[in-house]
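Enquirer: build me a model from this:
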Amino acid sequence: MQECTRDRQSPKVFLISGVSSGLGRASAEGALKAGHRVIGTVRRQEDADAFASLAPDRASPMLLDVTDFASIPLAITAAERDDGPIDVLVNNAGYGHEGVLEESSMDDLQRQFASNVFGPVAMMQAVLPGMRKRRRGHIINVTSMGGFITMPGISFYCGSKFALEGISEALGKEVAAFGIKVTTLAPGQFRTDWAGRSMDRTPRSIADYDAVMDPIRAARQAKSGNQPNDPAKAARALLAIVEEKNPPTRLFLGEDALGLVDEKLDDMRAEVGRWEVLSRSTGFGAH
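Expert: Presented below is the predicted three-dimensional model:
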């Protein structure tokens, strides 16, 4: 078992995007319960009021759409002025797009990446100067098991999470010398609205994909609200890694995620082995 080395410097200031529901709301509630201060982004005033009521002295709503990139630096400057330096950024806001690639539009793709990739990057760029100056901080990007495995019918979503995984891992190497940690949280299926009202679905139009897509869409809709994993326990896991001196580069959440990741790793090793000779054939000295 890995030895856990705790770095207890509570209370901390968290900035969590997308706290009106789902994993963002659970993470915010968990951090507040643990005694931390939480700045939470929401897009509607009624959600801001509801969030502030959770802990009037420590829950600070921020009206912000993370796809409004130009507004992010000023919003974070104001938040740090009012609530103190941000210790932990949790990029949680985002949504899922369901649709066969051939049926989906470039606008669908741009919206998916604006929310799931460009917005989180803009948030990171806004908090990094302060974290770098203070020589401490933790950035946690909520990705998905779909950022490592893939599933048909959510190709744009998987692509966005693959992108955020790669950006996060590279960023972690860029900022490690400044005392800044970067972790991706890759959840499996959690009991949130991700597969329900929060999902954007492209209408079906090409009959050739019926055999692949129709059962997937029906199963996902049937499972919505009955997923096997508990958002409150995801929040506990998030808070646990925040206290680690050496947190993981990525943390998969859920038995379902671990099982599918293990299957992919086995398949990858097998495929690399099958094609190893061809892979090694490209060097100047190769035969």
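
Enquirer: mind picking out the helix or strand in the protein with the poorest mean pLDDT?
Expert: Scoring the helices and strands of the chain by mean pLDDT, DSSP states H and E places helix 210-223 at the bottom, with a mean of 83.

Enquirer: contacts for that one next, please.
Expert: 98, 100, 151-153, 189, 195-196, 201, 204 (C-beta atoms under 8 Å, 6 or more residues apart in numbering). Yep, even glycine has a C-beta here, placed from its N, CA and C like the rest.

Enquirer: dihedrals phi and psi, the residue at minimal distance from the centre of the chain?
Expert: Central residue of the chain (C-alpha atoms, centre = their mean): residue 142, 1.6 Å from the mean position. Backbone dihedrals for residue 142, given as degrees, to the nearest 10, come out at phi -80, psi 110.

Enquirer: residue contacts, the residue lying closest to it once chain neighbours are set aside?
Expert: Nearest non-adjacent residue to residue 142, counting by C-beta to C-beta, 6 or more residues apart in numbering: residue 92, 4.5 Å away. Residues near residue 92 by C-beta under 8 Å, 6+ apart: 16-19, 22-24, 27, 142.

Enquirer: got a list of contacts for the host helix or strand of residue 132?
Expert: Residue 132 belongs to helix 119-134 when elements are defined using DSSP states H and E. Helix 119-134 is contacted by residues 15, 17, 66-67, 69, 72-73, 75-76, 80, 85-86, 89, 91, 93-94, 137, 139, 141, 164, 167, 171, 175, 178, 180 when judged by C-beta under 8 Å, 6+ apart.

Enquirer: thinking again about what came up before, please name the bridge partners of the residue nearest to the centre of the chain.
Expert: Beta-bridge pairing of residue 142 under DSSP bridges involves residue 185.

Enquirer: how close does it get to residue 72?
Expert: Counting by C-beta to C-beta, to the nearest Å, the separation of residue 142 from residue 72 is 17 Å.

Enquirer: for residue 179, same thing?
Expert: Counting by C-beta to C-beta - residue 179 and residue 72 are separated by 23 Å.

Enquirer: residue contacts, residue 249?
Expert: 168-169, 172, 182-184.

Enquirer: the same query, at a cut-off of 10 Å, please.
Expert: Counting by C-beta atoms under 10 Å, 6 or more residues apart in numbering, residue 249 touches 165, 168-169, 172-173, 181-184.

Enquirer: which of the residues you listed fall in strands?
Expert: The members of these that map onto strands under DSSP state E are 181-184.

Enquirer: what would those look like in a markdown table with neighbour count and pLDDT?
Expert: Putting the ones in strands among the contacts of residue 249 into a markdown table (neighbours: other C-beta atoms under 10 Å; pLDDT from 0 to 100) gives the following:
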| residue | neighbour count | pLDDT |
| --- | --- | --- |
| 181 | 24 | 98 |
| 182 | 24 | 98 |
| 183 | 23 | 98 |
| 184 | 26 | 98 |
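
Enquirer: which of the residues you listed sits closest to residue 281?
Expert: Closest approach between the ones in strands among the contacts of residue 249 and residue 281, by C-beta to C-beta: residue 184, at 34.1 Å.

Enquirer: looking at it, that closest one is touching residue 163, isn't it?
Expert: No. The criterion here is C-beta atoms under 10 Å, and residue 184 misses it with residue 163 at 11.4 Å.

Enquirer: identify the contacts common to these two.
Expert: Joint contacts of residue 184 and residue 163 (C-beta under 10 Å, 6+ apart) are 143, 147.

Enquirer: residues in contact with residue 257?
Expert: 144-146, 148-149, 186-190, 229, 251.

Enquirer: cutoff 8 Å now
Expert: 145, 186-188.

Enquirer: and the contacts of stretch 67-74?
Expert: So stretch 67-74 is in contact with 64-66, 111, 114-115, 118-119, 122-123, 125-126, going by C-beta under 8 Å, 6+ apart.
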